[in-house]
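Student: Test case, fold it:
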Amino acid sequence: MNPLYSIRILAAFSMLLAAPAMNAQNPPPDPSSKPASPPKDDMKPKSPAKPNKDSATQSAPDQPIWDPLRADKDMEVGQYYLHKGDVDAAIDRFQDAIIAKPGYAIPFRFLGEAQEKKGLKKQAIKSYQRYLDLYPHAEDGEKIKKKIDKLYKEVEKEKRD
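Tutor: Numbers count the residues shown, from 1 in each chain. Just a heads-up that it's a prediction; the model follows:
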């Protein structure tokens with residue numbers, strides 16, 4: 001006989017033997033017993049209940065601040081929206097990803113792309129720059145620097161006009 005099989009049988013048997021002992025410690029309530037009658041002091045009219053001054057639910061955030069799984073999901077959904085052309089929804093999702101996982105560089109790159117598509121050039125520059133600050137050795141670092149330069153020139157041109 002397999003020794004592992006013997007151990008499993010022994011464990012199952014010991015659990016069966018222990019079950020009645022556990023139930024003896026916590027017997028079920030007697031259905032014929034009545035609940036204790038309330039003391040006569042409880043018969044007096046009570047003053048109105050005081051309002052709850054606990055503000056924990058009012059000040060608590062909807063979602064936890066550090067949530068990398070939510071950040072990844074926000075990135076995925078944001079990229080979907082960006083691909084579909086819903087730039088506003090994509091921006092919202094990338095911003096949510098930044099909040100859920102501070103210090104995560106990738107959402108800043110996509111946020112910059114979405115802002116650039118929407119024509120928010122100054123904000124796109126900030127997002128791209130933050131991406132490079134967080135990820136200085138990014139593979140697409142040169143490409144992003146060129147985008148920043150291009151956007152900066154466009155902003156300067158708009159100021160002069």
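
Student: Where does the prediction get shaky in the protein?
Tutor: Filtered on pLDDT under 70, the chain yields the residue ranges 1-64.

Student: can you map out the helices along it?
Tutor: Here the chain has its helices, by DSSP state H, at 3-25, 56-59, 68-84, 87-100, 106-118, 121-134, 141-160.

Student: any chance of these in TSV, plus mean neighbour count?
Tutor: Every residue, glycine included, has its C-beta placed from N, CA and C. Putting these into TSV (neighbours: other CB atoms under 10 Å) gives the following:
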stretch	mean neighbour count
helix 3-25	9
helix 56-59	6
helix 68-84	16
helix 87-100	20
helix 106-118	22
helix 121-134	18
helix 141-160	13
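
Student: my read: residue 77 touches residue 93, true?
Tutor: Yes: counting by CB atoms under 8 Å, residue 93 is a contact partner of residue 77 at 5.1 Å.

Student: Got phi/psi on residue 101?
Tutor: Dihedral pair for residue 101: phi -140, psi 80, per degrees, to the nearest 10.

Student: Count the residues that sit near it.
Tutor: Residues within reach of residue 101, counting by other CB atoms under 10 Å, total 21.

Student: Looks like residue 148 contacts residue 127 (just checking).
Tutor: No: taking contacts as CB under 8 Å, residue 148 lies outside contact range of residue 127: 9.8 Å.

Student: hmm, back to that, give the intersection of the neighbour lists for residue 77 and residue 93.
Tutor: Counting by CB atoms under 8 Å, 6 or more residues apart in numbering, residue 77 and residue 93 have no common neighbour.
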